[in-house]
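1. Sequence first, then the predicted structure, then my questions.
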Amino acid sequence: MGQIATMLTVVLTLASAITLIVSGVGIMNSMLANVQSRLKEIGIRKALGATSREIRLQFLTESVFLSLSGGLVGTLIGIAIPLSTRIFTDVKIPVSPWAALIALGTSVVVGVIFGTVPANRAAKLDPVATLKYE
């Protein structure tokens, strides 16, 4: 039983890691498209004096909010299922508050990691070139 439990833990950990990578790539692609569609805005902000750090922080914040909203929805669903089984059946599935905090923390980390590339790309843009872009 111990070996089976260990193998199930390994398989579920690998599945969740793959899911996090896939969702992170989705967030990165979404943010890269966001940077591309907002080139004029980035150029105007830089021309008006915004630093590269401020531009980077703007896009990192957007990336974190995007991943955090997904993490919040997933956490609420993950908590709702065990609580609803308590209502409709006699089965009581334990729910740890730490699991919800770890899930939200993980979603923030995924947002920061996969939002770094688009944020750096936006911060390195030349204001003159972005204002010419159509």
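-> Here it is on my side, so go on. Since this is a predicted model, take the numbers as computed values, not measurements.

2. what sits up against the helix or strand of the chain with the lowest mean pLDDT?
-> Ranking every helix and strand in the chain by mean pLDDT, DSSP states H and E puts helix 127-132 at the bottom, with a mean of 85. Residues from elsewhere that reach helix 127-132, judged by C-beta atoms under 8 Å, 6 or more residues apart in numbering: 39-40, 42-44, 46-47. Where C-beta positions appear, they are placed from N, C-alpha and C, glycine not excepted.

3. Which stretches in this protein count as helices?
-> 2-37, 39-47, 52-88, 97-123, 127-132 (DSSP state H).

4. shaky segments in this protein?
-> 134 (pLDDT under 70).

5. Can you tell me the centre-most residue of it?
-> With distances taken as C-alpha atoms, centre = their mean, residue 67 lies nearest the centre of the chain, 2.5 Å away.

6. isn't it right up against residue 111?
-> Yes - Residue 67 lies in contact with residue 111 (C-beta atoms under 8 Å); the separation is 3.2 Å.

7. what sits in contact with each of the two?
-> residue 27.

8. What distance do you get for residue 106 to residue 120?
-> From residue 106 across to residue 120, the span is 22 Å (C-beta to C-beta, to the nearest Å).

9. Might one say that residue 113 is in contact with residue 24?
-> Yes - between residue 113 and residue 24 there is a contact at 6.4 Å, judged by C-beta under 8 Å.
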